[in-house]
Every structure is written in C-alpha cells, then in structure tokens.
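**Student:** sequence first, predicted coordinates after that:
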Amino acid sequence: MSDLRLTVLGSATPYPSADNPCSGYLVTSGDTRIWMDAGTGTLGPLQRHTRLDKLDAIWISHLHADHSADLLTAYYGLLYADLEPRAPIPLYGPPGIADRLAGFLTNGPTRSPIESAFAVTELTDGHSAVVGSVRLTSRAVEHGLPAFAVRLESGGSLVYSGDTAPCAALSELADGCDVLLCEAGGADPAHHTPEQAGDSAAGAGRLVVTHVGPGITPAEAVARARTRYDGPVEYAAPGSIL
C-alpha cells in the first residue's frame, strides 16, 4: 500500500471476544493518523499506537454499536481526563451522528457538548476530504441504514467496505485499489458472505476479510473467499499490521 499502513485494532462481530475487540482500525501515512471505525473495545488497543488526542481524524462507517460505541468513551477522554486536544477532532460519520452521541451522553437538561470533543462532518455519497497526507472518498452502501465505505489514498490505496451487502458503489470504489478490507459478516441481506467478499475484490490487488460472523472461523472465511478471488487473501487478525 506504499505510504499507507493499516493496524487492526479489532475485527469481531457483533460483540468483542476476550482477545478481539469489535471493528476498528488505525490508518497511518507518515505523521497522519486516522481511527477508522470505533467499535466496542478498540480505544484500548488504539493507545498502543497513538494517543487519542494525537489523531488527525476519526471516520465512522455507520452507527451500529460494534462500529461506533467507543466514541462514547473517547468523548470522556477528550474532555474530562488527562488528554490535551488542540481542537475538536474531525469526525466524519453518517447523518445524525452528533445527535446520536448526545442522546446517550446527555444526563440532564443541558445537551452534552459533543462539538467540543468532535468537529462533526456528516458523510454523503461521494464525499471527499483530505486529512493530512490522505485523501478519503466515501460512498453510500447498502446496510439497511445510512452506511458508507471509504477509499483512502496516499501513494497507495486502501478501500474499507464498512458493513454492506454487495453493491455497485463498493465495487466502483474498490476498482484498482491495492487492498480491499471487506467484512464477511454472514449470509443475510445486509452483509457479505466470504464468497461475496471475493467477488467484491475482483478489481483489487489484495483482499483482507474482516468482521467474520459467528459460526465461521477466520480460516474458513479465507478459504471460502479464495473460491471466488484469485489474488492474495488474508484475515484481519487483531493486532496485525498490513
């Protein structure tokens, strides 16, 4: 991926295991640090690699808890602990993300100051942003609620599916990318099977399956994806750096 580096903070679904948090990744390029999805339990391993207040941005695919719940504890860390953010951290996420956070965090008549911790930008289909040395392009995907995939480019290119059924938007985003990080959550209308992940990777140089659903082992997911994709396939093991 050239200048891009992907660190897997967690890849479990729909709840963390004893040794694997839910979906969360750290993407770095030079001095640029982006927390991509903040699933349950990922804030802890994030701190092995960077301080929360040193992040350049946070990008959230959708508002299911296994992709966003640790934003709640990040909020407390940024405002009420020993961290010293220079400014609110840019937060890119689905429409309504600020109000969703405030709905949980507000405990009285005054709305919690979400915007003091996060500078919120709501994603739209085709949204583009530059964070440090990384360009992010987001596309709306099919998950039964507002959800997005993202392509990150900085010398090389990485595409992350978020959670989605196979769809044209993801295939277009992944065409020609170096690496597709694709969920394989299970056989339902809102996720990929491992075989479908292989199909969605047709235009990618490498496939990494993640968010493997209950009842499927990582090895099985990799083997099944290989039946539909000829390139390199691996599993997003927690703690791995890709």
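**Tutor:** Received, thanks.
**Student:** gap between Ser116 and Arg228?
**Tutor:** 47 Å (CB to CB, to the nearest Å). Backbone N, C-alpha and C define where each C-beta goes, glycine included.
**Student:** neighbour count: those two, which is higher?
**Tutor:** Comparing Ser116 with Arg228 by neighbour count (other CB atoms under 10 Å), the higher total belongs to Arg228, at 18 against 13.
**Student:** check what pLDDT the more buried one gets.
**Tutor:** For Arg228, the model assigns a pLDDT of 98.
**Student:** that one is in contact with Asp199, isn't it?
**Tutor:** Yes. Counting by CB atoms under 8 Å, Arg228 touches Asp199, with 5.3 Å between them.
**Student:** so where is this structure shaky, pLDDT-wise?
**Tutor:** For the chain, applying pLDDT under 70 flags the ranges 1-2.
**Student:** 80 instead?
**Tutor:** Within the chain, the stretches with pLDDT under 80 are 1-2, 187.
**Student:** now do the helices in it.
**Tutor:** 43-46, 65-68, 70-80, 97-105, 114-117, 168-174, 194-200, 218-226 (DSSP state H).
**Student:** which among the ones you listed is found nearest to Phe148?
**Tutor:** Phe148 lies closest, by CB to CB, to one member of these: helix 168-174, at 9.1 Å.
**Student:** packing partners of that closest one?
**Tutor:** Secondary-structure packing of helix 168-174 (3 or more CB pairs under 8 Å, 6 or more residues apart in numbering; DSSP states H and E): strand 134-140, strand 148-154, strand 156-160, helix 194-200.
**Student:** ok, Lys54 touching Ile34?
**Tutor:** No. Counting by CB under 8 Å, Lys54 sits too far from Ile34 to count as a contact (11.4 Å).
**Student:** between the two, who's got more neighbours?
**Tutor:** Higher neighbour count among Lys54 and Ile34: Ile34, with 23 against 14, using other CB under 10 Å.
**Student:** any idea how far that one is from Leu91?
**Tutor:** For Ile34, the distance to Leu91 equals 11 Å [CB to CB].
**Student:** relative to its centroid, which residue of the protein is most remote?
**Tutor:** Farthest-out residue of the chain from its mean C-alpha position, per CA atoms, centre = their mean: Pro109, at 32.8 Å.
**Student:** contacts only, for that one.
**Tutor:** With contact set as CB atoms under 8 Å, 6 or more residues apart in numbering, Pro109 has no partners.
**Student:** let me see the contact set for Phe104.
**Tutor:** Neighbouring residues of Phe104 by CB under 8 Å, 6+ apart: Leu72.
**Student:** how close does it get to Met36?
**Tutor:** 21 Å.
**Student:** give me the neighbour count for the closest residue to Thr137 other than its chain neighbours.
**Tutor:** Leaving aside its chain neighbours, Thr137 sits nearest to Arg151 (4.6 Å; criterion: CB to CB, 6 or more residues apart in numbering). Arg151 has 22 neighbours, counted by other CB under 10 Å.
**Student:** tell me the bridge partners for Arg151.
**Tutor:** Taking DSSP bridges as the rule, Arg151 bridges to Thr137, Val159.
**Student:** and it, what is it in contact with?
**Tutor:** By CB under 8 Å, 6+ apart, the contact set of Arg151 is Leu136, Thr137, Ser138, Arg139, Ser157, Leu158, Val159, Leu173, Ala174, Cys177.
**Student:** and the residue farthest from the centre of the chain, its phi and psi?
**Tutor:** For Pro109, the backbone dihedrals are phi -70, psi -20 (criterion: degrees, to the nearest 10).
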